[in-house]
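[1] model this:
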Amino acid sequence: MGEQTKTPEENLAALQLSLPQLRTPVGNYVACVRTGNLLFTAGQGVDQYKGKLGRDLTVEEGYLAARQSMLNVLAAVKAELGDLGKVKRVVKILGFVNSTEEFTDQPKVMNGASDLLVAVFGEAGKHGRSAVGMAQLPNNTAVEIEMVLEIED
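    Below you'll find the predicted structure:
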């Protein structure tokens, strides 16, 4: 008999990662909006990593910040759906990187989020992506990420 496929939550546990507590919105918006079989998330920053890539933080720290930001996004998705197993496919992520004008490694930073999604969802975690540098992000967070998912009923 073949090996059973692990759930996204089991994959997170195998990585020794857990979803953080859902962050409270800081404005007049919601963490997720569903339309049809698509789920759009609001941007999620991080509290653990502050400052600019290229000045205050290394690419490696940025990678960890992007991974943490994605854990925050996944916490919002789980709160909305009740189960990450309802994710059929990660469609796209948009990553904002708080960086100096000279910093050009935004894609390397965003690999922290992309690598996590593939580790958690397998093939369904492969996605389209944009990684852009920003002059500043709210609360001086290093990274903010939003995501579009295809979900199952």
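[2] spatially central residue in the chain, please.
    In the chain, the residue lying closest to the centroid (C-alpha atoms, centre = their mean) is residue 70, at 2.1 Å.
[3] okay, now the sheet partners of the longest strand along the chain, with direction.
    With secondary structure taken from DSSP state E, the chain has its longest strand at strand 87-98. Each strand that pairs with strand 87-98, with its direction, by DSSP bridges: strand 128-134 (parallel), strand 143-151 (antiparallel).
[4] from the chain's centroid, how far away is it?
    Distance, stretch centre to chain centre, for strand 87-98: 6 Å (C-alpha atoms, centre = their mean, to the nearest Å).
[5] what does stretch 15-23 give?
    In terms of C-alpha atoms, centre = their mean, the centre of stretch 15-23 is set 11 Å apart from its chain centre.
[6] residues in contact with it: which ones?
    Residues from elsewhere that reach stretch 15-23 (C-beta atoms under 8 Å, 6 or more residues apart in numbering): 12, 31, 44, 68, 71-72, 74-76, 78-79, 116, 119-120. C-beta here means a position set from N, CA and C on the backbone, and glycine is covered the same way.
[7] recalculate using a threshold of 6 Å.
    71, 72, 74, 75, 78, 79 (C-beta atoms under 6 Å, 6 or more residues apart in numbering).
[8] sec struct for the fifth one, please.
    With DSSP: H, G, I helix; E, B strand; the rest coil as the basis, residue 78 sits in helix.
[9] next one, pLDDT for it please.
    pLDDT, residue 78: 97.
[10] cool, and the third one?
    Here, the pLDDT recorded for residue 74 equals 98.
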